[in-house]
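Please work out how this folds:
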Amino acid sequence: MRFARNLLFVLAYFVLLLVGIPVLLVSMLFGARRIFLSYGRWMMRAGRDILGIHVETMGLDRLDAGTSFIFMANHASYLDGPLIVAALDRHVRVIVKRFVFRIPVLGQGMRFVGYVPLDKGVAGSGRERIARAARLVREKRYSFLIFPEGERSADGTVQRFRRGGFFLALETETPIVPVSIRGTYELMPRGQKLIGSGVVRITFHEPIPVAGSTQDDMPRLMDKIRQAISLSL
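Purely as a prediction, here's the structure:
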């Protein structure tokens, strides 16, 4: 059953990428980024349903519709990003590794809508990308999804946080929303190729304001976010 669902997912994804070509062209022609963002979220939700993943969310009512946020989540699986983006009631951008931008159609679309590529291991890339994301937050009021662990956890537990996303929040004085995602490690842990079906629970915690905070406050802030995320895991 798992193999059949994954095969159907791959076939459907290929078809949706082909359909995405005219959607992307129309979006670029009219500068309508929301059209492609909406199509991308619909693709994620369709894939979720095909794979038999049921998502339960809590805390979306805590988020003001007119406010930009930096969402920070634990990272245990490749499924985390797509499932969180699909669950949100707003458009959100992500800082992702550059290899994802090589995917035909999807890569061009992500670049068009404001996703930010990150070159892992390239000196200065992290600072440059955080600066680029900060400009988008200030000028266009984008929200971003960040995985402060940097990489997927090998055992599903929350790992040490990196500072990049916190620099972004402090520099733009954008509230941080801790996000706990539970169940994705069981469905697709690191090193596993096939995706399982089951229940994933996503909790959006109370936004934490950072206005007036400085880099001296960063260790305390990082600990506070990590504790909030771990609370629901």
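
Check which residues of whichever strand or helix holds residue 110 are buried.
Per DSSP states H and E: residue 110 is located in helix 106-113. Judged by neighbour count (16 or more other CB atoms under 10 Å), helix 106-113 contains these buried residues: 106-110, 113. C-beta here means a position set from N, CA and C on the backbone, and glycine is covered the same way.

Distance from the least confident helix or strand in the chain by mean pLDDT to the middle of the chain?
Lowest on mean pLDDT, DSSP states H and E among the helices and strands of the chain sits strand 116-118, with a mean of 87. Taking CA atoms, centre = their mean, to the nearest Å, one finds strand 116-118 lying 12 Å from the centre of the chain it belongs to.

who's in contact with whichever helix or strand comes after that strand?
Proceeding N to C from strand 116-118, the next assigned helix or strand is helix 125-140, under DSSP H and E. When contacts are defined by CB atoms under 8 Å, 6 or more residues apart in numbering, helix 125-140 is touched by residues 68, 70, 93, 95, 114, 116-119, 142-144, 164-165, 167-168, 171-172, 174.

residue boundaries of the strands in this protein?
Secondary structure of the chain (DSSP state E): strands at 53-58, 70-73, 93-97, 116-118, 144-146, 176-182, 198-204.

Among those strands, which comes closest to residue 156?
For residue 156, the closest of the strands of the chain is strand 176-182, at 9.2 Å, according to CB to CB.

report the angle between the axes of the closest one and strand 198-204?
Going by axes from the mean of the first three to the mean of the last three CA atoms, to 10 degrees, strand 176-182 is angled at 160 degrees with respect to strand 198-204.

Residue 56: how many residues sit nearby?
Neighbourhood size, residue 56 [other CB atoms under 10 Å]: 12.

excluding its backbone neighbours, what's nearest it?
residue 201 (4.8 Å; CB to CB, 6 or more residues apart in numbering).

That neighbour: how many residues sit nearby?
Around residue 201 there are 16 residues (other CB under 10 Å).

next one: residue 179
26.

Not counting sequence-adjacent ones, nearest residue to it?
Once flanking residues are discounted, residue 179 sits nearest to residue 73: 3.7 Å by CB to CB, 6+ apart.

Same check on residue 226?
Excluding the flanking residues, the one nearest residue 226 by CB to CB, 6+ apart is residue 161, at 5.9 Å.

Next up, phi/psi of the one you found, please.
Residue 161 adopts backbone torsions of phi -80, psi 150, taken as degrees, to the nearest 10.

Please list all residues in contact with it.
Applying CB under 8 Å, 6+ apart, we find residue 161 in contact with 148-149, 222, 225-226.

Residue 158 too?
For residue 158, the contacting residues are 74, 149, 226, 229-230, 233, by CB under 8 Å, 6+ apart.

Tell me which of the strands of the chain approaches residue 31 most closely.
For the strands of the chain, the distance to residue 31 is smallest for strand 93-97, at 16.3 Å, taking CB to CB.
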